[in-house]
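**Student:** The sequence and its predicted three-dimensional model are supplied below.
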Number of protein chains: 2
Amino acid sequence: MKGSISASSKATHSGKAHDANVDLIAVVVAVTDQGPSVLTVGQANALPSGPFELGHRSLQFGLRTWVEQQTGHQLGYIEQLYTFADRDRTGEQRQQRVISISYLALTRAEHAAASGKRAWRSWYDYFPWEDHRSGAPPMVSDILQSRLLAWADEAGQDSLRRERRQRAAIAFGFDGRDWNEDLVLQRYELLYEAGLVEEATRGSEQSASLLIPGTSMIADHRRILATGIARLRSKIKYRPVVFELMPPVFTFLQLQRTVEALSGRLVHKPNFRRLIEQQDLVEETGETTADTVGRPAKLFRFRHAVLDERAVAGTKLPLSRA
Amino acid sequence: MKGSISASSKATHSGKAHDANVDLIAVVVAVTDQGPSVLTVGQANALPSGPFELGHRSLQFGLRTWVEQQTGHQLGYIEQLYTFADRDRTGEQRQQRVISISYLALTRAEHAAASGKRAWRSWYDYFPWEDHRSGAPPMVSDILQSRLLAWADEAGQDSLRRERRQRAAIAFGFDGRDWNEDLVLQRYELLYEAGLVEEATRGSEQSASLLIPGTSMIADHRRILATGIARLRSKIKYRPVVFELMPPVFTFLQLQRTVEALSGRLVHKPNFRRLIEQQDLVEETGETTADTVGRPAKLFRFRHAVLDERAVAGTKLPLSRA
DNA sequence: CGAAATTATACTCATTTCGAGAATAATTGG
DNA sequence: CCAATTATTCTCGAAATGAGTATAATTTCG
């Protein structure tokens, strides 16, 4: 490009400036008894998306408006994920760009009833290798490890082969490494690169026999979902966003199960309690659960005041190995 | 809006879909002896920005291309900051949107020579209240505190008044609170809301007598810069991005000074060393500095291998209070 | 009804990490 | 050689963390 740097965003830019279409895409997350779920449309193979329109005051507002229309509820929390650009593939002569701006939205499980074309689906339908709540899923060592190793061995150069092996080992915790729940996107990208997910085989005539389990999505929606999950998994460790997903009143165990659903791994119960308590994130309601079995649990509510009191309200999580 | 959720990003969206202009804006950071600096254009009151063009393969590529043209050097590190939308204020009848996609880019100080219309400026020209390397700047308690208090007292309702006071106290560390270097954006927004920065007075006839020190920028560029600084300050704590700003070989003190320049506060020297060492982030070159005074310091280089070895290469920083 | 099962909650303890400061080492400039 | 200066190493107590044990309050079942 030859355009000179413009001193002002108001200036008319020289060069081949052009117009683009703007799309808003949402990863709407809720946690139900079935686990962590995402709002989908179509054959449960697409994320809800809509155009940014002139009537919208702002991007956030645009997204909020139509997501609320769709779910019928306020979105407690919206956060921008990533913006990317693609040439429009609708095939007109005239070149056109599509700018996609993706968001992560958190809502409450009680609002999460399915209806019409929308459906709540478990994260783990799309990423079955991400759920380590009862240890590493068998498919990781039974299927992924050998396929990724085979992919690494395809490499001609020895150095490339080693690099691929190492990347796979880090991402999936092979060779006795720890599992890192935050690497959702890296793992998906690795599987894509290795041609093991359906999305990677689309352009080519590649055989589909090597595909691994996990529902695919249209376009790059599964990648966006991976981005959202990764963001959320990392964010719950230092911001009290979990509470956006909780009912107004809850027990410690419910809170813990929610965190475990999101992070895909178990936490140590007493330590979890200790951390939440010492950060003053919750307060007792005075009530207890009328549950069926065992000692009744005290009910708590989120102390919304912490959001004002402290700049950085942390939610540290004790993620255990087992 | 009445458009229905589209099941596919390829589908033509119904409703008032429209085209938008896409602008790329860069916060290019380097650290010189003069401290942390940002690349500016114009009267040093604008960030470099350019249009996203059809020839660009991708957003990253577009930005990289022209920033490299401008600085004459590779950008080691680029990261997306935020995307926002504004109605075009150039005033044509036809409504038009401008989508601005901002990036944070890190480059090396040795490349940071000024030339032509471009100039490297210290962060702290724009945010003089952010430099706490020799304690809180006098202006914080001499000017900001009283102005913000006055603004709080303008509020009619008592609850609003209290809320404003508390926000100010958290953001700026009043009433004996700790200074939190990460709140760069919150502080700028607070000052904007209180009408204390030039940008806030533009639309109105407000008197400029209450403005606080600090160079303003066109449009919302100072806000974008604040976003970039905030991102970088928080990121150096858990990712080894500082090294993007360092020469190939450096001493511990140089590294420490860079971190201090960025974070705007001092760190404890022995503890800083301990942390960097125990994370294996650097390795000795075997050489020492031929400096003037004092015991010669060993020279180190960044161990690029850590980026491959570990998924999360942390750079924890011991930020001290004094 | 009473023991077993079940869940909640409280406590303990060793290990690691962290913040702060003191001590020692290697230079240069008188 | 001594003072000043910067680098580097150690020490130590406080706090945070990981893991496990003990106790409490229920329901369920024999």
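**Tutor:** Great, that's in hand.

**Student:** Report how many residues lie close to A:Pro296.
**Tutor:** For A:Pro296, the count of nearby residues is 12 (other Cβ atoms under 10 Å in any protein chain shown). Quick note: C-beta positions are derived from backbone N, CA and C, even for glycine.

**Student:** doesn't A:Thr251 make contact with it?
**Tutor:** No: look at A:Pro296 against A:Thr251 with Cβ atoms under 8 Å: they stay out of range, at 9.1 Å.

**Student:** residues shared between the contacts of these two?
**Tutor:** Common contacts of A:Pro296 and A:Thr251 (Cβ atoms under 8 Å, 6 or more residues apart in numbering or on different chains): A:Thr289.

**Student:** And stretch A:293-305, how far out from the chain middle?
**Tutor:** Relative to its chain's centre, stretch A:293-305 lies at 27 Å (Cα atoms, centre = their mean, to the nearest Å).

**Student:** mind showing which ranges of the stretch 151-300 of chain A have poor pLDDT?
**Tutor:** A:206-209 (pLDDT under 70).

**Student:** please redo it, this time with the cut-off set to 90
**Tutor:** Scanning the stretch 151-300 of chain A for pLDDT under 90 picks out A:176-178, A:202-210, A:237-238, A:290-294.

**Student:** can you list the residues of it near DNA strand C?
**Tutor:** A:251-253, A:269-270, A:273-274, A:288, A:293-298 (Cβ under 7 Å from any atom of the strand).

**Student:** ranges for the helices of the stretch 151-300 of chain A?
**Tutor:** A:158-172, A:184-193, A:221-235, A:252-263, A:269-278 (DSSP state H, counting those that start in this stretch).

**Student:** can you tell which of the ones you listed is closest to chain B?
**Tutor:** helix A:158-172 (5.1 Å; Cβ to the nearest Cβ).

**Student:** and that closest one, anywhere near chain B?
**Tutor:** Yes: for helix A:158-172, a contact with chain B is found by Cβ under 8 Å from any Cβ of the partner chain, at A:Glu163, A:Gln166, A:Arg167, A:Ile170, A:Ala171.

**Student:** As JSON lines, those with distance to B:Leu39 would be great.
**Tutor:** Shown next, in JSON lines, are these (distance: Cβ to Cβ, whole Å):
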{"residue": "A:Glu163", "distance to B:Leu39": "34"}
{"residue": "A:Gln166", "distance to B:Leu39": "36"}
{"residue": "A:Arg167", "distance to B:Leu39": "33"}
{"residue": "A:Ile170", "distance to B:Leu39": "34"}
{"residue": "A:Ala171", "distance to B:Leu39": "35"}
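
**Student:** Out of the residues you listed, the closest to DNA strand D would be?
**Tutor:** For the residues of helix A:158-172 next to chain B, the closest approach to DNA strand D (Cβ to the nearest atom of the strand) belongs to A:Ile170, at 19.6 Å.

**Student:** The residue of the stretch 1-150 of chain A found nearest DNA strand C and A:Leu266: what is the separation?
**Tutor:** Nearest residue of the stretch 1-150 of chain A to DNA strand C (Cβ to the nearest atom of the strand) works out as A:Asp33 at 14.2 Å. Per Cβ to Cβ, to the nearest Å, A:Asp33 is found 17 Å from A:Leu266.

**Student:** Ranking the helices of the stretch 151-300 of chain A by mean neighbour count, which comes first?
**Tutor:** Of all those, helix A:221-235 has the most neighbours on average by mean count of other Cβ atoms under 10 Å in any protein chain shown, namely a mean of 23.
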